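Colleague: A predicted structure for the sequence below; I have some questions about it.
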Amino acid sequence: MPPVTNPEFIAEFCTVSESVLGQAMPELGDSVRLRLAERLVSAFIREWGGCALYVPKADHLARHRRNRAIVRDHDGTLASANRLAREHHITLQQVYRILKTTKTQPGSHAHPATSGTTTRDPTP
């Protein structure tokens with residue numbers, strides 16, 4: 001995929017945001033949906049504008065959510081770990097690796113939506 005220039009990215013981000021809002025809240029009118037999308041994009045620009053930003057693929061978020069669910073649902077027993085491995089279609093070893101690495105990461109007790117997103121390098 002070729003690099004996307006800033007104006008193209010902003011326009012596409014606004015279009016995607018508007019589309020997602022429409023799918024999530026179909027009762028919103030077109031003008032409300034557009035205003036909300038523009039506010040979302042503006043907030044993103046205010047927070048991250050001028051930073052070099054890497055956006056991971058969607059599977060990164062899915063893995064993060066899965067890992068947080070495993071940590072949340074594990075009760076410390078082998079039976080629990082086995083159940084979680086079956087539920088998430090991963091090995092028992094992977095469950096224990098997730099438990100070990102997630103609990104030792106800074107901010108691992110933070111809310112999943114904010115974990116790891118509070119720090120950034122402000123230098124241009």
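Modeller: Received, thanks.
Colleague: how is the protein carved up into domains?
Modeller: As recorded under automatic domain parsing, the domains making up the chain are 6-48, 58-104.
Colleague: quick one: contacts for residue 33?
Modeller: By C-beta atoms under 8 Å, 6 or more residues apart in numbering, the residues touching residue 33 are 18, 21-22, 25. To be clear about C-beta, it is placed using only N, CA and C from the backbone, and glycine gets the same treatment.
Colleague: Please repeat the previous calculation with a cut-off of 10 Å.
Modeller: Contact analysis of residue 33 by C-beta atoms under 10 Å, 6 or more residues apart in numbering lists 17-22, 24-26.
Colleague: what's the pLDDT at it?
Modeller: Each residue has a pLDDT score; the one for residue 33 is 92.
Colleague: how close does it sit to residue 17?
Modeller: Remark: distance between residue 33 and residue 17 (C-beta to C-beta, to the nearest Å) = 9 Å.
Colleague: swap in residue 65?
Modeller: As judged by C-beta to C-beta, residue 65 and residue 17 stand 20 Å apart.
Colleague: Looking at those two, which one has more neighbours?
Modeller: residue 17 (19 against 12; other C-beta atoms under 10 Å).
Colleague: Please work out which residues outside the one helix or strand the more buried one maps to touch it.
Modeller: Using DSSP states H and E, the element containing residue 17 is helix 6-24. Outside of helix 6-24, the residues within contact range by C-beta under 10 Å, 6+ apart are 3-5, 28, 30, 32-42, 44-45, 49, 53, 55.
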